[in-house]
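Here is the input, now give the coordinates:
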Amino acid sequence: MEEYLSVLSACPLFFQISTDSIFPTLRCLGAVEARISRDMCLFHEGDPTAIMGIVLSGAIQIIRTDPSGNRVVILSASPGAVLGDAYLCAGLEQVPASAIAVQDSTVLLLNGRKVLTACEKNCPIHQQILKNMMRSVARKNLALNRKIYIMSRRTTREKLVAFLTEQADQHRSAEFRIPYDRQALSDYLGVERSAMSAEIGKLKRDGCIDCKGSWFRLKGPQFHIPG
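Numbers count the residues shown, from 1 in each chain. Below is the predicted model:
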């Protein structure tokens with residue numbers, strides 16, 4: 001687990017916690033390392049809300065599937081991201097979404113009850129972790145608000161422009177990589193993949209963007225380009 005110290009140090013759960021304290025704290029929280037192969041589930045929709053996870057390597061997507069089998073990508077979690085904290089804080093008995101590995105991934109699983117319950121010593125580190133959880137959940141709420149804004153755009157092109165502008169703002173650059181392949185992006189935006197690909201092609205032909213795979217560079221006047 002020592003090889004992931006840099007990832008753990010950057011994890012929101014360990015904000016303002018010294019690196020020397022991370023591994024003793026993880027042992028206190030019942031941490032277990034799990035390796036998840038691509039397309040495997042870390043947890044399924046409807047599973048008991050009992051664990052939290054920290055992505056150490058790879059990528060995990062949180063998704064929901066409607067009765068017709070259509071997938072909706074809620075978010076994509078890269079190394080350092082925390083999984084399941086919002087469900088625990090909300091007091092849900094079952095998780096409302098599934099977590100699926102989109103790459104071979106390593107995830108650190110934490111005992112949710114131990115995370116939420118202050119230890120017998122009521123130590124400052126545990127108190128800081130609880131504060132960090134609230135901060136992490138608040139930031140995820142902001143991210144979902146941003147997604148609602150993107151999804152509220154009326155056309156596929158408007159959704160793409162809003163999404164790419166948001167990505168540029170997050171990366172503070174007109175050039176960036178998005179955390180989705182084409183299918184996952186269409187699932188995230190709630191649009192047909194063929195229609196989305198056609199709009200990406202139009203944006204490229206119009207000189208508004210350059211792109212290849214997950215790499216994009218914004219050039220058009222409709223984008224707010226960070227300075």
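
hang on, Leu164 in a strand?
No - assigned with DSSP: H, G, I helix; E, B strand; the rest coil, Leu164 falls outside any strand and is helix.

residues near it, how many?
25 (other C-beta atoms under 10 Å). Backbone N, C-alpha and C define where each C-beta goes, glycine included.

In contact with it, which residues?
Applying C-beta atoms under 8 Å, 6 or more residues apart in numbering to Leu164 gives the contacts 178, 209, 216, 218, 223.

Run through the residues that contact the most centrally placed residue in the chain.
Taking C-alpha atoms, centre = their mean, the centroid of the chain lies closest to Ala77, which sits 3.1 Å from it. If you count contacts by C-beta under 8 Å, 6+ apart, Ala77 has them with 55, 59-62, 83, 99.

Dump those residues into TSV; add neighbour count and distance to Ala31 as well.
Shown next, in TSV, are the contacts of Ala77 (neighbours: other C-beta atoms under 10 Å; distance: C-beta to C-beta, whole Å):
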residue	neighbour count	distance to Ala31
Val55	26	13
Ala59	20	20
Ile60	24	17
Gln61	22	22
Ile62	24	21
Leu83	23	13
Ala99	25	17
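
Specify which member of those is nearest to Phe43.
Distance to Phe43 across the contacts of Ala77 (C-beta to C-beta) is lowest for Ala99, with 5.2 Å.

Tell me, how many residues neighbour the closest residue to Gly58 other than its chain neighbours?
For Gly58, ignoring the flanking residues on the chain, the nearest one in space by C-beta to C-beta, 6 or more residues apart in numbering is Ser105 at 2.7 Å. Residues lying near Ser105 (other C-beta under 10 Å) number 25.

what's the answer for Ile200, then?
20.

how about it, what does it touch?
Shown in contact with Ile200 (C-beta under 8 Å, 6+ apart): 160, 209, 211.

From these, pick the one nearest Asp39.
Cys211 (25.5 Å).

Now do stretch 66-75: everything it contacts.
With C-beta under 8 Å, 6+ apart, stretch 66-75 has contacts from 61-65, 97, 140, 143-144, 147, 180, 184, 187-188, 190.

Now, these that are in strands?
Mapping the contacts of stretch 66-75 onto strands (DSSP state E) picks out 61-65.

Would you format those residues as a markdown table with pLDDT included?
Shown next, in a markdown table, are these (pLDDT from 0 to 100):
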| residue | pLDDT |
| --- | --- |
| Gln61 | 93 |
| Ile62 | 92 |
| Ile63 | 92 |
| Arg64 | 89 |
| Thr65 | 83 |
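
buried subset of the contacts of stretch 66-75?
For these, a neighbour count by 16 or more other C-beta atoms under 10 Å gives the buried set as 61-63, 97, 140, 147, 180, 184, 187-188.

returning to that earlier point: can you add distance to Ser37 and give the contacts of Ala77 back as TSV?
Below are those laid out as TSV (distance: C-beta to C-beta, whole Å):
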residue	distance to Ser37
Val55	15
Ala59	13
Ile60	12
Gln61	14
Ile62	18
Leu83	17
Ala99	13
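
between those residues, which is nearest Ser197?
Ser197 lies nearest to Gln61 out of the contacts of Ala77, by C-beta to C-beta, at 19.5 Å.

one step back: let me have the contacts of Leu164 in a markdown table, extended by distance to Ile200 and neighbour count.
Shown next, in a markdown table, are these (distance: C-beta to C-beta, whole Å; neighbours: other C-beta atoms under 10 Å):
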| residue | distance to Ile200 | neighbour count |
| --- | --- | --- |
| Ile178 | 11 | 19 |
| Ile209 | 8 | 20 |
| Phe216 | 9 | 22 |
| Leu218 | 12 | 23 |
| Phe223 | 14 | 18 |
